[in-house]
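**Q** Fold the following and give me the result.
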Amino acid sequence: MDDHVKKVVIESMKELFEKMFFICLEPVVGLGADAVESASDYYYAGMGYTLDGKESVVHFYLSKALAWQMTGNFMGIDTSSLDEGQVLDTLRETANMGVGGLLGQINPEGTAVLGRPESGKAYDFFPEKLFENFSVIAFRTSSGILCMTIES
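**A** Got it, this is the predicted structure:
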């Protein structure tokens with residue numbers, strides 16, 4: 001991922017999380033593998049898109065605490081009142097807003113075709129492995145870590 005796209009992703013995600021979920025994202029500088037919380041449970045969300053005949057998928061990996069907190073903030077209710085279905089719905093909407101916002105920046109002509117968002121628990125997930133194989137953008141928050149990958 002080139003530096004321009006990375007900068008656009010970082011700014012787009014910071015804006016999304018601050019405006020929609022009232023959560024500040026702090027980009028992790030450098031490799032970032034030390035920022036992940038291996039012992040934490042994780043959720044994922046993802047959404048594909050096609051642009052200029054090239055298929056790509058954006059993956060989001062969030063700590064459980066972050067996923068629940070952002071859902072509570074988004075819905076305006078205490079996390080103790082949430083159920084997992086609401087969390088998964090919020091994660092799909094996050095993928096939709098995140099990828100849509102990103103494409104709005106890099107494809108203002110609107111020629112990209114979006115896929116369907118998906119979400120779930122990330123079973124047997126070892127976040128430090130992301131840093132071995134993918135170009136990862138990681139953020140720290142007060143509620144845990146958010147990692148993003150874009151596969152083309």
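**Q** List the contacts of A65.
**A** Residues in contact with A65 (C-beta atoms under 8 Å, 6 or more residues apart in numbering) are 40, 143-144. Yep, even glycine has a C-beta here, placed from its N, CA and C like the rest.
**Q** quick one: which of those has the most company?
**A** Among the contacts of A65, G144 has the most neighbours (other C-beta atoms under 10 Å), with 22 neighbours.
**Q** Quick check: beta-bridge partners of it?
**A** Counting by DSSP bridges, G144 is bridged to T141.
**Q** got it, and the one 5 residues further on?
**A** Counting by DSSP bridges, T149 is bridged to H59, V136.
**Q** how near is it to S142?
**A** Applying C-beta to C-beta, to the nearest Å, the value for T149 to S142 is 23 Å.
**Q** who's more crowded, these two?
**A** A direct count of neighbours by other C-beta under 10 Å for T149 and S142 places T149 higher, at 19 against 10.
**Q** Next, the contact list for the more buried one, please.
**A** 58-59, 61, 130, 134-137.
**Q** Format those as JSON lines; extra columns: distance to E118.
**A** Converted to JSON lines, these look like this (distance: C-beta to C-beta, whole Å):
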{"residue": "V58", "distance to E118": "11"}
{"residue": "H59", "distance to E118": "10"}
{"residue": "Y61", "distance to E118": "13"}
{"residue": "L130", "distance to E118": "18"}
{"residue": "F134", "distance to E118": "18"}
{"residue": "S135", "distance to E118": "21"}
{"residue": "V136", "distance to E118": "19"}
{"residue": "I137", "distance to E118": "20"}
